[in-house]
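Colleague: Structure of the sequence below:
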Amino acid sequence: MGTNLYVAIGHSLDTIQISNLPTSLNQYFADHIDKIQMRISHGYSGNLLNRDNNDWVWELVDELDWDAPHELEGENFWTWIDKPKPTESFEQYLQENGYLYINGPYCMSMFIGRRVAILSTDVHWDHFLFDEIVQTDMRCFSHFLMKFFGSYIAVYMPDDISPTGDAVHNCLHQEWDLDQMLSWLKSQKPPAQSIQTMIKTVSYQMTACWKAEGYYVDDFAKFIAWLG
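Modeller: Next up, the predicted model:
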């Protein structure tokens, strides 16, 4: 299964702030370097297995060492991938292309639209749903980005299916903000009540397989409650 995790985060940056975004993000990360650490680069702690009743369970792999996170090093964690030419302004580039694109740490990147940032991750969907270590680190990372952008929520979604893929497209090309995106998504399907419910069982050549579905709206209160 090739589905990975997207995270949508709202913002109200103007074009001048967007033009300085990698520098601002790098400074923010440097100030919190001891807290923004993730263990996803070490591999994963288990595998997703299907029971006879089509329930999905996470089987831990005991020999993996998860004691130390993968340490961030250096200063330039975020760098431009696509940005205006010297003869173009950021405003002109956004009008013509809809979004900019920056590279980040942990094999991540981010699409920067007019009102929404879409974090593209290398985190497999099933690992985010069922691996508590990956999920905890990813949610911590997302909440630091929420604080940076001044967003009150983050929306976790699969990267390659409808309706969430359509919502991402409209955020980047139709200048939707996060409230517009959520309003439209809710008209298509209610948000998931928990992260682990964003999966369904399908049959492929007589074999039970999983398929991503849905989206989850996260906020700081939910995250703290989940941590217990």
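Colleague: in this protein, which helix or strand is least confident?
Modeller: Of all the helices and strands that make up the chain, strand 199-204 has the lowest average by mean pLDDT, DSSP states H and E, namely a mean of 59.
Colleague: Report the distance from the longest helix seen in the chain to the chain centre.
Modeller: Residue-count comparison of every helix in the chain, with assignments taken from DSSP state H, identifies helix 132-149 as the longest. Put simply, helix 132-149 sits 9 Å off its chain's centre (CA atoms, centre = their mean, to the nearest Å).
Colleague: Okay, strands next: where are they in this protein?
Modeller: Under the criterion DSSP state E, the chain carries strands at the ranges 4-10, 46-50, 56-60, 79-82, 99-103, 109-113, 116-124, 154-158, 199-204, 207-212, 216-218.
Colleague: pLDDT value on the residue nearest to Phe77 when sequence neighbours are not counted, please?
Modeller: Beyond its immediate neighbours in the sequence, the residue positioned closest to Phe77 (CB to CB, 6 or more residues apart in numbering) is Pro105, lying 4.6 Å away. Every residue, glycine included, has its C-beta placed from N, CA and C. Pro105 is assigned a predicted lDDT (pLDDT) of 88.
Colleague: burial measure for Pro105, as a count.
Modeller: Using other CB atoms under 10 Å, Pro105 has 19 other residues around it.
Colleague: before we move on, what about Ala225?
Modeller: Around Ala225 there are 9 residues (other CB under 10 Å).
Colleague: Lys35 versus that one, what's the distance?
Modeller: For Ala225, the distance to Lys35 (CB to CB, to the nearest Å) stands at 20 Å.
Colleague: One more: His169?
Modeller: Here His169 is placed at a distance of 33 Å from Lys35 (CB to CB).
Colleague: So which of those two has more stuff around it?
Modeller: For the pair His169 and Lys35, the greater number of neighbours falls to His169 (14 against 10), based on other CB under 10 Å.
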